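Trainee: Starting from these lines, generate the structure:
(one chain, ligands or ions: 1)
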Amino acid sequence: MNLFELQSNEFQGRHIGTLGSEAAMLEVIGEKSVDALVDKTVPEAIRLQAPLNVPDALSEAALLQHLHELSQKNEVFKSYIGQGYYDTHTPSVILRNIFENPGWYTQYTPYQAEISQGRLESLLNYQTMVTDLTGLPIANASLLDEATSAAEAMNLLFHNVNKSDVAQAPKFFVDAQVFPQVVDVVVTRATPLNIEVVIGDYKTATIDNTFFGALLQYPNAAGSIEDYRSFIDKVHAAGAGVAMGTDLLALTLLTSPGELGADIAFGSAQRFGVPMGFGGPHAAFFAAKDEFKRSMPGRIIGISIDAQGKRALRMALQTREQHIKREKATSNICTAQALLANMAAMYAVYHGPDGLKKIAKRVSLLTHVLAAALTELGFTVAHAHYFDTLTISTDKAAAIKEIAEAYKMNFRYVGASQISISLDETTTQHDVLDIAQVFALAVQHEAASIVFDDEASLSNIPTFAVRTSAFLEHAVFNTHRSESQMMRYIKSLESKDLSLNTSMISLGSCTMKLNAASEMMPLSSPNWSKLHPFAPVAQVQGYHEMMASLNQYLCSVTGFDECWLQPNSGAQGEYAGLLAIRNYHLKNNQPQRNVMLIPISAHGTNPASAVMAGMKVVVVKALDNGYIDVEDFKAKVAQYSNELAGTMITYPSTYGIFEETVKDICALVHEHGGQVYMDGANMNAQVGLTSPAAIGADVCHLNLHKTFAIPHGGGGPGMGPICFRSHLKDSFMSMPMQEIAHSEGNMRGVSAAPFGSASILLISYAYIRMLGAVGLRKATEYAILNANYMRARLQEHYPILYTGINGTCAHEFIVDLRPFKNTAGVEAEDVAKRLMDYGFHAPTMSFPVPGTIMIEPTESEDKAELDRFCDALISIRAEIAAIENGQLDKANNPLKHAPHTLEVAMNDGWDRPYSRQVAVFPLPYVMQNKFWPTVSRINNTHGDRNLVCTCEPTAAYAEATA
Ligand SMILES: *Cc1c(COP(=O)(O)O)cnc(C)c1O
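Mentor: Okay, here's the model as predicted:
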């Protein structure tokens, strides 16, 4: 019997690294048992009494089998729905070497640029690809999806176009032929900012001085390529800006938005080799005119130099935008879609400009052939000019739908009498014959005569829109044509980057735990990856079953009644939760309730989200011990009692402690009519032990890419579902996206797809199923054990900031490095860079306290790895001591020169007052598995002063990298 039982718990031991090492660790901590440690750490008053309502654990094999069976309940039809989502061939070399490769998907956001040069290079390729194709000079390294990018475009114009002379609410024009899910999210985002969205036909619209911007789609939602040039002039004449949603594949053949005069171009890069995944994840792109470079949302990669004067990349400008600007930030975007941006960039690298053009031509020619066939059958194609999408008005729509579904094809049906058909890279001649056949059957016509002539001219593209400008002429897009070359290029970038397959990444607040292979594998199955987000519900029953269960598990974990799976990042979750609070007060006729109390220690996305939700941020102080200053809190609650919308708190706090006062704070807010939003980024210290409901919160988001095992992907993807108490449910229904696809009604959403980046929900689902209730709780306990073990080892060497009343920390703790600035001239950055020489990624730097590092080991690390990390920090402390006592020079020492590259270490001119051995092999373990940073310390200001954020022209690149 025992043999069988063991198997179902096997994943616990694979996920939790220190199972079996407790005794030695507890001795160091000075505690009797893990239970005793947890009792001291998590206050009694908020402990859960019952186990989580989650099924018993499945073994890895059983989980894979279960998900395979579930996937069979999805039906993969040929998707011609379009609307921003297209089938694509992911090149296998990219699928295997990036999408399925932990060397790429486990990376952290590239804040430590010296050990991130590979993905930074790839993201620079992405930006180059976007700027070239859109014809605009500045692009960021991805946003969440097309719809939120449109909202960011509106937002950017809103904040940058001066309309202070206009008395009424500023207006934003949206053409009626913008994708419906884009319009939906734009309206959501406009409402709390008091922006009036005017939807109309650009051909007849009057754009006067009261408008700050306009939104167009090119080609538009019906597929038509419209000539927007005179409209753009009209908008500019009114002192407003134009944002254009567009399609990268189409742009290989079409005049770019920049050349047409647009100020901003955005869209989805999904069809560049990223599967649809029932809505995501995929990268959205965003490009703008130069004048907007300092207010672009998201992250921009720029070229700088390192300490040796060599070319080196880093995140430019607003690296920590929200943390610096806080409530003055105009965008809350943090996690984006880095992994998927890398895939899309690699797709362009592999195909090159000629390959991309060839794909685009084939798609467009097939569309042209289909149009001729449908015309011959007596149907009217609505537009003469199109790229890949045809719209047909017909009274036979119902019959066509029935036949098409029998043939396993999905078209897009608009109203009762319009059908749109979008072809894509995967469409074959055979498919075109099949589509024509469906239409022929519907009118009982004999088959149309179809001629495939690949010499035919693309007369469906109007003269003004024929692209004449070149693109992607850089070396990188014209070199890697064979699979061997491509595989090696991907590998060469991967090996510049430190990922979880090298060593632990102890990022406080970011929870870089194991992303198990079994959790990831189902994502590659076509039955999960090839589904369109607006496919009929009957075809996606596997997804719905999985999501219904996940909903229920997340409700159990949070103690709340409802869960909404749409937001595709933590910050989007914050925004959605705050909108619910806003709607709740509006429903209760309390429109004046718009003040959000936010502790000074909050993550920067909190104030940014609150402002986006139309709220006024009032900052609450912290005490010296890191606790919320309850006196200040009380005073502010009383002061704003009548205007109080609520509070946003992080629990355990961003300082990594369970504050005992949290229940009182929540009660106080409720007494004064407010709602409590809990930032769930620190749920890894709560799952199974306590919950947002137990502390008294009303709504929270969960970072599934932190607590629930979705990998970080180098800065995305993520999912940030929100869970909430039932009294807020109606407030969600007024953002009526619950359960239903956009195409089915008048909904309001925060993301483009009804379930956000739905495919990666599978990862969290698998994680929960393989751990079960017992394993989930154990994971939390061991996260606390691991953190306390490191705290105990390090506290003899470093000051540790803030612990709970019993001297323990939760799942993370803060090491104070500020004292060393005076004693040794050493700053937190020096320690962070020196850790690279020891083979480690730095912990979170200077958040929530400047000059400190915040360590979160997670439950997934084993004791030996925790020890290596502690040994490294202790050894660094000895190096600091050597500076303090004068053995080492304050300016010329291993910390100041860190990190050390192979090139520097091997240079014949080595003249440093410490040995090469100390420089690159400072501890014996390092020799076993040396990780080499590929550039020296990067100059942060050089890159910002000389902003270059696209690949250099080929000759300059060759020179720079020679
Ligand atoms: C990560 C994090 C967020 C934001 O999540 P994203 O997914 O990056 O948008 C918010 N709050 C805290 C405390 C976090 O750690």
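Trainee: Where does the stretch 351-500 of the chain get nearest to the ligand, which residue?
Mentor: Closest residue of the stretch 351-500 of the chain to the ligand, C-beta to the nearest ligand atom: Leu500 (17.0 Å). In this view, the C-beta of every residue, glycine as well, is placed from N, C-alpha and C.
Trainee: Checking that residue next. Helix, strand or coil?
Mentor: Put simply, Leu500 is coil when judged by DSSP: H, G, I helix; E, B strand; the rest coil.
Trainee: my guess is Ala842 contacts Asp830, does it?
Mentor: No - using C-beta atoms under 8 Å, Ala842 is not in contact with Asp830, being 10.4 Å away.
Trainee: How about Asp454, nearest residue that isn't a chain neighbour?
Mentor: Spatial nearest neighbour of Asp454, chain neighbours left out: Leu365 (6.5 Å); criterion: C-beta to C-beta, 6 or more residues apart in numbering.
Trainee: cool, and Ala456?
Mentor: What sits nearest to Ala456 in space, not counting adjacent residues and going by C-beta to C-beta, 6+ apart, is Leu365, at 6.4 Å.
Trainee: And whichever strand or helix holds that neighbour, what does it pack against?
Mentor: Assigned by DSSP states H and E, Leu365 falls within helix 338-376. Contact partners of helix 338-376 among helices and strands, from 3 or more C-beta pairs under 8 Å, 6 or more residues apart in numbering; DSSP states H and E: helix 92-94, helix 102-105, helix 117-134, helix 248-251, strand 380-381, strand 389-393, helix 429-442, helix 483-494.
Trainee: most packed of these?
Mentor: Highest mean neighbour count of those: helix 117-134, a mean of 27 (counted as mean count of other C-beta atoms under 10 Å).
Trainee: Please identify the buried residues of the helix holding Leu365?
Mentor: Applying a neighbour-count criterion of 16 or more other C-beta atoms under 10 Å, one finds 338-353, 355-357, 359-360, 362-374, 376 buried in helix 338-376.
Trainee: follow-up on the earlier one: ok, which of the helices and strands packed on helix 338-376 comes nearest Asp56?
Mentor: Closest approach to Asp56 among the helices and strands packed on helix 338-376 (C-beta to C-beta): helix 102-105, 27.8 Å.
Trainee: now Val42: how far from the ligand?
Mentor: The spacing between Val42 and the ligand, counted by C-beta to the nearest ligand atom, to the nearest Å, is 19 Å.
Trainee: Oh, that last question was meant for Arg311, not what I typed.
Mentor: Distance check for Arg311 against the ligand: by C-beta to the nearest ligand atom, it reads 29 Å.
Trainee: same question, Thr128
Mentor: According to C-beta to the nearest ligand atom, Thr128 stands 25 Å off from the ligand.
Trainee: Please list all residues in contact with that residue.
Mentor: Listed by C-beta atoms under 8 Å, 6 or more residues apart in numbering, the contact set of Thr128 reads Ala139, Leu472, His474, Phe477, Thr950, Cys951.
Trainee: any idea how far it lies from Leu493?
Mentor: 15 Å (C-beta to C-beta, to the nearest Å).
Trainee: can you count the residues close to the one residue in the stretch 51-200 of the chain that gets nearest to the ligand?
Mentor: Closest contact between the stretch 51-200 of the chain and the ligand, by C-beta to the nearest ligand atom, is at Thr109 (8.3 Å). Per other C-beta atoms under 10 Å, the neighbour tally for Thr109 reads 21.
Trainee: Asn551 too?
Mentor: Applying other C-beta under 10 Å, I find that Asn551 has 17 neighbouring residues.
Trainee: Need the nearest residue in space to Gly825, chain neighbours excluded.
Mentor: Using C-beta to C-beta, 6+ apart, the closest residue to Gly825 is Lys890 (4.3 Å).
Trainee: Now do that neighbour against the ligand, distance only.
Mentor: From Lys890 to the ligand the distance is 34 Å (C-beta to the nearest ligand atom).
Trainee: burial count for that residue?
Mentor: Using other C-beta under 10 Å, the number of residues around Lys890 comes to 14.
Trainee: Surely it and Ala824 touch.
Mentor: Yes - with contact defined as C-beta under 8 Å, Lys890 reaches Ala824; the gap is 6.7 Å.
Trainee: Touching both of the two, which residues are there?
Mentor: In contact with both Lys890 and Ala824: Ile883, using C-beta under 8 Å, 6+ apart.
Trainee: For Lys14, which non-adjacent residue is closest in space?
Mentor: Rather than Lys, residue 14 is Arg. Leaving aside its sequence neighbours, Arg14 sits nearest to Ala516 (C-beta to C-beta, 6+ apart; 6.9 Å).
Trainee: which residues touch that neighbour?
Mentor: Contacts of Ala516 by C-beta under 8 Å, 6+ apart are Phe11, Arg14, His15, Glu60, Ala709, Ala766, Tyr767, Met770.
Trainee: Spatially nearest residue to Arg937 (excluding sequence neighbours)?
Mentor: Closest residue to Arg937 apart from its sequence neighbours, by C-beta to C-beta, 6+ apart: Ala307 at 4.6 Å.
Trainee: Would you map the helices across the stretch 851-962 of the chain?
Mentor: Assigned by DSSP state H, counting those that start in this stretch, the stretch 851-962 of the chain shows helices spanning 863-884, 902-906, 916-920, 924-928, 940-945, 954-961.
Trainee: pLDDT (mean, whole number) over the first one?
Mentor: In this model, helix 863-884 has an average pLDDT of 98.
Trainee: Return the distance of the closest residue to the ligand within the stretch 451-600 of the chain relative to Gln181.
Mentor: Nearest residue of the stretch 451-600 of the chain to the ligand (C-beta to the nearest ligand atom) works out as Gly570 at 2.4 Å. Here the criterion is C-beta to C-beta. By it, Gly570 lies 21 Å from Gln181.
Trainee: Check Ala416 too.
Mentor: Separation of Ala416 from Gln181 (C-beta to C-beta) stands at 20 Å.
Trainee: of those two, who's got more company?
Mentor: Neighbours per residue, other C-beta under 10 Å: of Ala416 and Gln181, the larger number sits with Gln181, 29 against 9.
Trainee: what does the one helix or strand the more buried one maps to rub up against?
Mentor: Assignment of secondary structure by DSSP H and E places Gln181 within helix 180-190. For helix 180-190, the surrounding residues in contact (C-beta under 8 Å, 6+ apart) are 83-84, 146-148, 150-151, 154-155, 172, 174, 178, 196-197, 199, 215, 217, 221, 245, 579, 612, 735, 742-743, 747-753.
Trainee: again, but for stretch 61-76
Mentor: 8, 11, 58, 408, 518, 521-522, 525-528, 530-531, 538-543, 545-546, 762, 765-766, 769-770.
Trainee: Just the buried subset of these, written out for PyMOL, thanks.
Mentor: Filtering the contacts of stretch 61-76 down to the buried ones (16+ other C-beta under 10 Å) takes a single PyMOL command:
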select buried, resi 8+11+58+518+521+522+525+527+528+530+531+539+540+542+543+546+762+765+766+769+770
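Trainee: Just the ones in helices from the contacts of stretch 61-76, please.
Mentor: 8, 11, 518, 526-528, 541-543, 545-546, 762, 765-766, 769-770 (DSSP state H).
Trainee: which residues touch the residue of the stretch 51-200 of the chain closest to the ligand?
Mentor: Applying C-beta under 8 Å, 6+ apart, we find Thr109 in contact with Arg299, Thr335, Ala338, His712, Gly714, Gly715.
Trainee: again, but for Leu762
Mentor: By C-beta under 8 Å, 6+ apart, the contact set of Leu762 is Leu67, Glu519, Pro522, Leu523, Trp528, Met546.
Trainee: between those, which is nearest Leu785?
Mentor: So of the contacts of Leu762, ranked by how close each gets to Leu785 (C-beta to C-beta), first place is Glu519, at 22.6 Å.
Trainee: Tell me the confidence at the closest one?
Mentor: Looking at Glu519, the pLDDT reads 98.
Trainee: repeat for Leu3
Mentor: Listed pLDDT for Leu3 reads 65.
Trainee: Mind pulling up the pLDDT for the residue of the stretch 451-600 of the chain closest to the ligand?
Mentor: Looking at Gly570, its pLDDT reads 97.
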